[in-house]
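Participant: Pasted the sequence and its predicted model underneath.
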Amino acid sequence: MAGSEPVSDWTSDFDVLDDAYVRDPFPRWDELRRVCPIARTERRGRAWLPTTYADVTALAKDIEHFSSSNTSVIDSVEEDEHPILTYGLPPITSDPPLHTWTRRLLLPWFSHTRVATYEPMTRALCGSLIDAQLESGRADAASGYAQQIPVRVIGAILGIPEELADTFTGWVRDVLEFADDPQRVERGMFGIGYYLWDRINERRDNDGDDLLTYLLHAEVEGEPVDDMAILGMAILTMIAGIDTTWSAIGSSLWHLATHDDDRRRLVSDPALMDTAVEELLRAYAPVTMARAVSRDVEFNGCPMRQGDKVLLSFPAANRDPSVFDRADEVLLDRQENRHVAFGSGIHRCAGSNLARMELRVALEEWLRRVPDFHLAEGADVLWAGGQVRGPRKLEVVFA
C-alpha cells in the first residue's frame, strides 16, 4: 500500500507520516490503547506499533526476538547500498557483542563529568543566539535557536569547525526527516559519512582533543578499532546527537509559548528546572526507534513474522495513563517520572546526560533573557515526524 494513501483503519493501517498524526499524535495513541494497543500496517513493509508503556519497554528489552540491526522507522535506502555501513552505526544499530564494546567506548565522552565541561560553551552559545535576536522582538525558536545548539556542541566533540554547522544540520535533516525521499536520505548519509571519513584520516597524523582521535587510539582486546567501526560510531554521534535534542528543545519552547502559567511558574521558580526538564522530556519525547523481528514470535497475541518491524514509540509509552497520573498534562513538579524518552534496555541513549544539559541550559538562558513570549499571530507551526518529532518552524514574539 502506498504510504500516501489515507488511513482507512488505524488499528490495521497506521501511518506515522500522516500529516494529522505528525501534528498531534496524542489522541491517536489514546484511541489505540483503548481498542488495539498494538496496531499493525502493511505500508512500506509490515510493521507493528505498540502504544503502552508495558509493551514498549518489554519489546525494547527483548533482544532475543527483536534485533537492532535496522532501527529506521521508514526504510529509504537499502543498507547494502552504503559502503559506509560495514558495521552499521554502532552501538545503536547493533546487537551484542558489537553493541557492548562500542557503547563502552562512547560512554566516557557523555559521562556527567565530561558533560559538565561542555556546559560553559553551551551556555555562551545559547546566550549569543538569543542576544542576536532580542532587538527584533521575535524569533524562529526552532530554526533560529533550538536547531543551532546541538549541532555546535556535537561538532565540538567531534572536532568539526563551527562554520560547517548549517551543512551538517542539512545532512542530518536529510537522513531523519525525509524518509519518503530516498535521494535526500542518501545525500545526507553520504555527506556525513565522507566528510567524517576525511577527518578520521586527517587525525591519523594530527591528533586532536576530540572523539575521533580517542577512537583512533582505542583498543578492544588488544587490537585497534576497525576504521569502519570508528566511522559508524562517529556518524551515529552526529545524527543521534543533533535532531533529537533540537526537537526536545523546540517542543519545550513550543509548550512554554502556548502555556502561560507554566512559563511564568518556571520563570518565578527556577528551582523547578530539573523536574521541569524531565517532565518536558516525558511529555514531548521526540524519538521512535524500530526493531527488526529476528524470528517468528507471538507477542501479546500479535503474530510477528521474521523481517517485520516493530516501532518502539517511546513518546506513546510516556503518555500511558496506566503508568503516569494525569498523563496528558504537563506537571512541572512531577516527582514520580520513570519516563522512557531516552529509550529502555541495553540501547538506552548513551548521550542522555548531554541532552539533559543542553535542554536545561537552552531553557535557562532563553527564560533569563525572554521571560515572556508567545506564538506569533497567525503563525503556522511546522512539525516533523516519523523517526524524530519536533517543531521545525516556531515563530514567537517577545512580549
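Facilitator: Here it is on my side, so go on. Quick caveat, the model's predicted, so the values are computed rather than measured.

Participant: can you give me the helices for the stretch 201-350 of the chain?
Facilitator: Assigned by DSSP state H, counting those that start in this stretch, the stretch 201-350 of the chain shows helices spanning 211-217, 227-258, 260-268, 273-283, 314-317.

Participant: Using CSV, write down the CA coordinates of the following helix or strand past the shortest one.
Facilitator: Reading on from helix 314-317 to the C-terminus, the next helix or strand found by DSSP states H and E is helix 352-369. This file holds the C-alpha atoms of helix 352-369, laid out as CSV (Å, rounded to 0.1, in the frame of the first residue of the first chain):
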residue,chain,number,x,y,z
SER,A,352,21.3,11.3,27.8
ASN,A,353,23.4,13.4,30.1
LEU,A,354,24.4,15.6,27.3
ALA,A,355,20.8,16.0,26.0
ARG,A,356,19.6,16.9,29.5
MET,A,357,22.3,19.5,29.9
GLU,A,358,21.6,21.1,26.5
LEU,A,359,17.8,21.2,27.2
ARG,A,360,18.3,22.7,30.7
VAL,A,361,20.8,25.3,29.6
ALA,A,362,18.8,26.2,26.5
LEU,A,363,15.7,26.9,28.6
GLU,A,364,17.5,28.7,31.4
GLU,A,365,19.3,31.1,29.0
TRP,A,366,16.1,31.7,27.0
LEU,A,367,13.9,32.4,30.0
ARG,A,368,16.6,34.6,31.6
ARG,A,369,16.5,36.9,28.5
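
Participant: okay, the helices of the stretch 201-350 of the chain in CSV with mean pLDDT and distance to Leu59 next?
Facilitator: Any C-beta I mention is one placed from the backbone N, CA and C, and that applies to glycine too. Formatted as CSV, the helices of the stretch 201-350 of the chain follow (pLDDT from 0 to 100; distance: least, Cβ to Cβ, whole Å):
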stretch, mean pLDDT, distance to Leu59
helix 211-217, 95, 31
helix 227-258, 94, 20
helix 260-268, 97, 32
helix 273-283, 98, 19
helix 314-317, 98, 10
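
Participant: mind checking which of the ones you listed is nearest Asp131?
Facilitator: helix 227-258 (16.5 Å; Cβ to Cβ).

Participant: what comes up buried for the closest one?
Facilitator: 227-257 (16 or more other Cβ atoms under 10 Å).

Participant: can you give me how far stretch 228-248 is from the chain middle?
Facilitator: On the basis of Cα atoms, centre = their mean, to the nearest Å, stretch 228-248 sits 9 Å off its chain's mean C-alpha point.

Participant: Tabulate the CA atom coordinates of that stretch in PDB.
Facilitator: Taking Å, rounded to 0.1, in the frame of the first residue of the first chain, the C-alpha atoms of stretch 228-248 are listed here in PDB:
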ATOM      1  CA  MET A 228      34.700   1.300   9.600                       C
ATOM      2  CA  ALA A 229      33.500   0.900  13.200                       C
ATOM      3  CA  ILE A 230      35.000   4.300  14.100                       C
ATOM      4  CA  LEU A 231      33.200   5.800  11.100                       C
ATOM      5  CA  GLY A 232      29.900   4.200  12.200                       C
ATOM      6  CA  MET A 233      30.300   5.500  15.700                       C
ATOM      7  CA  ALA A 234      31.100   9.000  14.500                       C
ATOM      8  CA  ILE A 235      28.200   9.100  12.100                       C
ATOM      9  CA  LEU A 236      25.900   7.900  14.900                       C
ATOM     10  CA  THR A 237      27.200  10.600  17.300                       C
ATOM     11  CA  MET A 238      26.400  13.300  14.700                       C
ATOM     12  CA  ILE A 239      23.000  12.000  13.700                       C
ATOM     13  CA  ALA A 240      21.700  10.900  17.100                       C
ATOM     14  CA  GLY A 241      23.100  13.900  18.900                       C
ATOM     15  CA  ILE A 242      21.500  16.700  16.800                       C
ATOM     16  CA  ASP A 243      18.000  16.200  15.600                       C
ATOM     17  CA  THR A 244      16.800  14.500  18.800                       C
ATOM     18  CA  THR A 245      18.000  17.300  21.100                       C
ATOM     19  CA  TRP A 246      16.900  20.200  19.000                       C
ATOM     20  CA  SER A 247      13.500  18.600  18.700                       C
ATOM     21  CA  ALA A 248      13.300  18.300  22.500                       C
END
